[in-house]
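Trainee: How does the following fold in three dimensions:
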Amino acid sequence: MGTRMGTRAAPNVPPVEGKTPGSRHGRMPRVARAEMTQSKLVHSGELSERRIRRQLLVWYEERGRELPWRAAQRGAAQDRPDPYAILVSEAMLQQTQVATVVQYFRRFMTRFPTLEMLAEADEQEVLQLWQGLGYYRRARHLHAAARVIAHQFGGSVPADTKHLEQLPGVGRYTAGAVASIAFGKRAAILDGNVARVLARLLAVREPVDEPTTRTQLWSHADALVSPTQPGDFNQALMDLGAMVCTPRHPQCRECPLHTECRAYMLGLANQLPVRGRRAKVQPAVHSVVALRHGDRYLFEQRASKGLWSNMWQLPTLEAPTESSGRGLADWVWERFDSAPRALELQGEFRHRTTHRAIRFVVFDAPLHASPSPVRPGLLWRTLGDIGDLPLPNPQHRAIALLRDDSRQLRLPTD
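Mentor: Numbering: from 1, shown residues only. As a prediction, this is how the structure comes out:
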């Protein structure tokens, strides 16, 4: 793990035909000039790091992805992207693929084009706009971060990692991404894609998710990041991991770093990186009891902490195992002071979260009498009038089953 990178002679890297390295985002060409200027000051053990930077930046100039948050900000110094756009994109990209994020990013930026507008927004509107991306804590953290920036940093995203890491939901990776991409600061990043690239480049055989290995990978990332184009270099690492150095069947011959990659030389690219044993996923059963009076359904707001916090749902009993019809009826009476005439099974489906494997069972539950007066945290709505409610993805699936009443099975409640 601690072995130094090789010092073989650098291969000739031809310039990109019709382009100048460094110009894809409107910047002046700097890669070759800056790295060659430093070459006399660097001892031979670091030559491979310079070669890796150069080869990766040339590849990025030709192959890097065109993404909406990478667009240069009009009038910005050195044509860098909007720091707010980078902050939003990094929040969305956590545990979510780029292809999924693009449409949500555009919709989000259309509704909240400035940090000030996001800071002033109601959390419920932010959550509603985030529907479909999952991991809703990211939305709450982003909203809270916007408010901190507005109140404590004069509305400007901090440029240094120290202050960025003080924002809600911003860790070392996100701080490094924002500082390097939006401000040109020399700051490293280490996400799943980058960890995979480095683990193969250095033939790391220890599990990459262990703290000791993670610390060592961060050290290598710090050493590698370009001093002159840190943002482009970090984005190049991201793109390389997403497009070439993929989890399965990496395209090693297409990789600009294959001449430097120890895993490739040793024939280990498909075996690396190694991951530790994952925590066992816990099974659970969520019984969705859709209390209905006429065409109106009862919706409740979840607690402010925990899974899907502050979002809305049809009444849902969460348990380790499935509940009986009698048990569900008793739960409805105790919780809502109402009694369903019947529990009509609409269907079921499965949903995975980070730590849970949840089986959702959906019931339509018409009530005997008119609903009780609504208390805080409860709403009666028709299914055609819920567009303003932020609902977790499984609740959308449950509602889809309710709208298809062709598969009903009545369960006894006594």
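Trainee: Tell me how confident the model is about stretch 392-402, as a mean pLDDT.
Mentor: Averaging pLDDT along stretch 392-402 gives 95.
Trainee: Report the contact partners of Leu328.
Mentor: 287, 289, 317, 343, 363, 413 (CB atoms under 8 Å, 6 or more residues apart in numbering). Quick note: C-beta positions are derived from backbone N, CA and C, even for glycine.
Trainee: Let me know the helix or strand that it is in.
Mentor: helix 325-336 (DSSP states H and E).
Trainee: which of the contacts of Leu328 tops the neighbour count?
Mentor: Phe363 (29 neighbours; other CB atoms under 10 Å).
Trainee: How much space separates that one from Gly384?
Mentor: 20 Å (CB to CB, to the nearest Å).
Trainee: do Gly377 as well
Mentor: For Gly377 relative to Gly384 (CB to CB), the value is 22 Å.
Trainee: Of the two, which one has the most company?
Mentor: Gly377 (11 against 8).
Trainee: Let me see the backbone angles for that one.
Mentor: phi 90, psi 0 (degrees, to the nearest 10).
Trainee: ok, it - contacts?
Mentor: Gly377 neighbours (CB under 8 Å, 6+ apart): 300-301.
Trainee: Show the low-confidence segments of the protein, by residue range.
Mentor: 1-47, 73-78, 370-373, 405-414 (pLDDT under 70).
Trainee: Which segments of it make up each domain?
Mentor: Structural domains annotated on the chain: 31-266, 282-411, as defined by automatic domain parsing.
Trainee: before we move on, the earlier item: quick one: which two of the contacts of Leu328 are the most distant?
Mentor: Leu317 and Thr413 (13.7 Å; CB to CB).
Trainee: residue boundaries of the helices in the stretch 201-350 of the chain?
Mentor: 211-224, 230-243, 262-266, 325-336 (DSSP state H, counting those that start in this stretch).
Trainee: deepest of these, which one?
Mentor: helix 230-243 (a mean of 23; mean count of other CB atoms under 10 Å).
Trainee: How far off centre is that one?
Mentor: 16 Å (CA atoms, centre = their mean, to the nearest Å).
Trainee: what's it in contact with?
Mentor: With CB under 8 Å, 6+ apart, helix 230-243 has contacts from 22, 25, 27, 53, 56-57, 59-60, 63-65, 70, 80, 98, 176-177, 180-182, 184-189, 191-194, 196-197, 224-226, 255-257.
Trainee: and stretch 190-197, C-alpha only, in PDB?
Mentor: C-alpha atoms of stretch 190-197 as PDB (Å, rounded to 0.1, in the frame of the first residue of the first chain):
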ATOM      1  CA  LEU A 190     -12.100  10.500  -2.600                       C
ATOM      2  CA  ASP A 191     -15.400   9.000  -3.500                       C
ATOM      3  CA  GLY A 192     -16.200   5.500  -4.700                       C
ATOM      4  CA  ASN A 193     -15.000   6.100  -8.300                       C
ATOM      5  CA  VAL A 194     -11.800   7.700  -7.200                       C
ATOM      6  CA  ALA A 195     -11.100   5.100  -4.500                       C
ATOM      7  CA  ARG A 196     -11.500   2.400  -7.200                       C
ATOM      8  CA  VAL A 197      -9.100   4.100  -9.600                       C
END
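Trainee: Residues contacting it from elsewhere in the structure, which ones?
Mentor: So stretch 190-197 is contacted by 172-173, 176, 198, 208, 214, 217-218, 221, 234, 237-238, 240-242, 245, 247, 257, 272-273 (CB under 8 Å, 6+ apart).
Trainee: Report the buried residues of it.
Mentor: Buried positions in stretch 190-197, judged by neighbour count with 16 or more other CB atoms under 10 Å: 190-197.
Trainee: Identify the residues contacting Phe349.
Mentor: Taking CB under 8 Å, 6+ apart, one finds 359-360, 394, 397, 401 in contact with Phe349.
Trainee: what's the closest of the residues you listed to Glu120?
Mentor: Among the contacts of Phe349, and counting by CB to CB, the member closest to Glu120 is Pro394, at 30.4 Å.
Trainee: ok so, going back, now, which of the buried residues of stretch 190-197 sits nearest Arg138?
Mentor: Asp191 (13.9 Å).
Trainee: Phi and psi next, for that closest one.
Mentor: Taking degrees, to the nearest 10 as the convention, Asp191 sits at phi -110, psi -170.
Trainee: for Pro247, same thing?
Mentor: According to degrees, to the nearest 10, Pro247 has phi -60, psi -40.
Trainee: burial count for the closest residue to Gly276 other than its chain neighbours?
Mentor: Residue nearest to Gly276 in three dimensions, not counting chain neighbours: Pro207, with 3.9 Å by CB to CB, 6 or more residues apart in numbering. Applying other CB under 10 Å, we find 15 other residues in the vicinity of Pro207.
Trainee: what's the closest non-adjacent residue to Thr161?
Mentor: Ala175 (4.2 Å).
Trainee: Report whether the one you found is found in a helix, as I expect.
Mentor: Yes - under DSSP: H, G, I helix; E, B strand; the rest coil, Ala175 falls within a helix.
Trainee: show me the contacts for it.
Mentor: Contacts of Ala175 (CB under 8 Å, 6+ apart): 161, 164-165, 187.
Trainee: Filter those residues down to the buried ones.
Mentor: 161, 164, 187.
Trainee: nearest to Ala329, of the residues you listed?
Mentor: Among these, and counting by CB to CB, the member closest to Ala329 is Leu164, at 51.6 Å.
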